[in-house]
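Asks: Okay, sequence plus prediction incoming.
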Amino acid sequence: MNRVVVIDYGMGNLHSVGKALEYVDENISLTVSADPQKIRDADRLIFPGVGAMRDCMAEIKRLKIDELLMQARQEKPILGICVGMQAMLSFSEENNGVDCIGLFPGEVKRFQEGQKDGNSDLLKVPHMGWNEVKQTSSHPMWQSIENNSRFYFVHSFYATPDTHQKNKANIVGKSSYTVPFCSAIADKNIFAVQFHPEKSQTVGLQLLKNFLSWNGEP
Amino acid sequence: MSLAKRIIPCLDCENGRVVKGVKFLDIRDAGDPVEVSKRYCDQGADEIIFLDITASSDNRETTIHTVESIASQVFIPLTVGGGIRKLEDIRIMLRAGADKVAINTSAVMNPEFVKEAAEKFGSQCIVVAIDAKQVSLEGEPLRWEMFTHGGRKATGLDAIEWAKRMVSYGAGEILLTSMDRDGTKNGFDLALNRAISEAVSVPVIASGGVGNLQHLVDGIVEGKVDAVLAASIFHFGEYSIPEAKDYMASKGIVVR
């Protein structure tokens, strides 16, 4: 039995990702929980997140999810989604600056407001809707997903991993909105995306399917 | 690479059925909401908006069940509106599988509600729905006023000022319906959409009046909106979502 735990630290809608996982494989054992024992016993973990970073990090620290993730990264596949991905970096400029988990060096920055596109139309923040993801390196998680497929995004902040330091994450997906930004990172057992696979119809469901069979090797 | 403009079919629901009226009146049946949303999702709709237009307490359970059924089969964003009055209503809808909630009447009754909701659940899931009607007379500068209670009640609030205020309170998106155009098939109120879209930093969804595919293009190009909503043209089979996307793409609009 494939035991999947969606880590629940009280932030936002975790039901979509659970429903999408059960839709792609009805035989998984799915738990939505913050219980350390369940997280330790899981075969794979989903680390989602919506909302403001300060509140997210407060709950992550209170429930010691940061420590559990530090440990889990050596042991089993982890999929970070949206704020879950951002929280893996060392620092976010949201809420006047918040220290994050620091699985990877790098910062989370805000999209600049008031930027215009080629037709001189205002680029709105949040970046909301379907945008292309360029697969900048091959990875088992991209299997059967066409390069430059569109995924659903909704976020005002984006990750800028520092790729010059030790423990760096590899950028495996890039997108563009006012600036080019990192939309997917990977390191050993961890794969993390800025977009919402659970809301990205066929391509998103394929990514979740890939995750359920991924052995954690790059 | 760029962000695609969104096409959003809207399901106005009453007692568990999709319905569609003209100027909020004269209502026709358009099917089962779960089947209808699944069909639109398969056709490539970018999001679904589900509005419970009666939102009375006795059909609340029906609505929650419908949202649950849609969310377990449709894996694109789902916005639910109608009768969202307190934080608990939002929590219930998000738990049922909605990704965003649309707030209209309650925002006017208690603007602080939008602030609390955005703080609690994040701006990304708070959509403020504005039903606006032109109130300026011929020859006067254009002016629109906000209405509530499904368009029945005037508020005296200027629609542009209201949109700005709601965004400053944390609304992550504006769903803008022109009551003058709703159900008429005469096209969006482009001046209204443009005025609001250029006044706020968040995405705007144009709603009300789509009768043909050129209207969708006009909404994006002239109305400057980020997403276009339509109901009747899709519900009654006049056009399919792929036809709409092909047409928009042929006019140079980026679509998925």
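Replies: Arrived safely. Numbers count the residues shown, from 1 in each chain, chains lettered A, B, ... in the order given.
Asks: okay, CA-based contacts and neighbour counts for the rest of this
Replies: Fine.
Asks: How many residues are close by residue B:200?
Replies: For residue B:200, the neighbour count with other CA atoms under 10 Å in any protein chain shown is 23.
Asks: Who are the contact partners of it?
Replies: B:163-164, B:167 (CA atoms under 8 Å, 6 or more residues apart in numbering or on different chains).
Asks: middle-most residue in chain A, spatially?
Replies: With distances taken as CA atoms, centre = their mean, chain A has residue A:81 as the residue nearest its mean C-alpha position (2.4 Å).
Asks: ok, residues contacting stretch B:181-195?
Replies: So stretch B:181-195 is contacted by B:21-24, B:144, B:160, B:176, B:178, B:180, B:204, B:206-212, B:215-216, B:218-219, B:222-225, B:232 (CA under 8 Å, 6+ apart).
Asks: Among those, name the buried ones.
Replies: B:21-23, B:144, B:160, B:176, B:178, B:180, B:204, B:206-212, B:215-216, B:218-219, B:223-225, B:232 (16 or more other CA atoms under 10 Å in any protein chain shown).
Asks: ok, and which of the contacts of stretch B:181-195 reach chain A?
Replies: residue B:224 (CA under 8 Å from any CA of the partner chain).
Asks: which parts of the stretch 1-150 of chain B sit against chain A?
Replies: Within the stretch 1-150 of chain B, the residues that sit near chain A (CA under 8 Å from any CA) are B:1-6, B:41, B:46, B:71-77, B:94-97, B:99, B:120-124.
Asks: Restricted to helices, list these.
Replies: Using DSSP state H, B:41, B:71, B:94-96, B:120-121 are the members of those that sit in helices.
Asks: Neighbour count added to those residues, as CSV?
Replies: Formatted as CSV, these follow (neighbours: other CA atoms under 10 Å in any protein chain shown):
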residue, neighbour count
B:41, 23
B:71, 25
B:94, 26
B:95, 18
B:96, 22
B:120, 17
B:121, 21
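Asks: So which bits of stretch B:136-153 are buried?
Replies: Those would be B:143-148, B:151, for stretch B:136-153 by 16+ other CA under 10 Å.
Asks: okay, those residues in CSV with pLDDT and secondary structure next?
Replies: Output for these, formatted as CSV (pLDDT from 0 to 100; DSSP: H, G, I helix; E, B strand; the rest coil):
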residue, pLDDT, secondary structure
B:143, 96, coil
B:144, 97, strand
B:145, 96, strand
B:146, 93, strand
B:147, 89, strand
B:148, 86, strand
B:151, 77, coil
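Asks: just the strands in chain A please.
Replies: Using DSSP state E, the strands of chain A run over A:3-7, A:29-33, A:44-47, A:78-81, A:91-92, A:98-99, A:106-110, A:127-135, A:149-155, A:157-161, A:170-177, A:179-187, A:190-193.
Asks: Which of those strands sits closest to chain B?
Replies: With distances scored as CA to the nearest CA, the stretch of the strands of chain A nearest to chain B is strand A:127-135 (4.7 Å).
Asks: wait, isn't residue B:145 in contact with residue B:157?
Replies: Yes - the pair residue B:145 and residue B:157 qualifies as a contact (CA atoms under 8 Å) at a distance of 5.5 Å.
Asks: which residues do those two both contact?
Replies: Counting by CA under 8 Å, 6+ apart, nothing touches both residue B:145 and residue B:157.
Asks: check which helix or strand covers residue B:193.
Replies: Per DSSP states H and E, residue B:193 falls inside helix B:190-199.
Asks: How about that helix, which residues are buried there?
Replies: So, applying 16+ other CA under 10 Å, buried residues of helix B:190-199: B:190, B:192-198.
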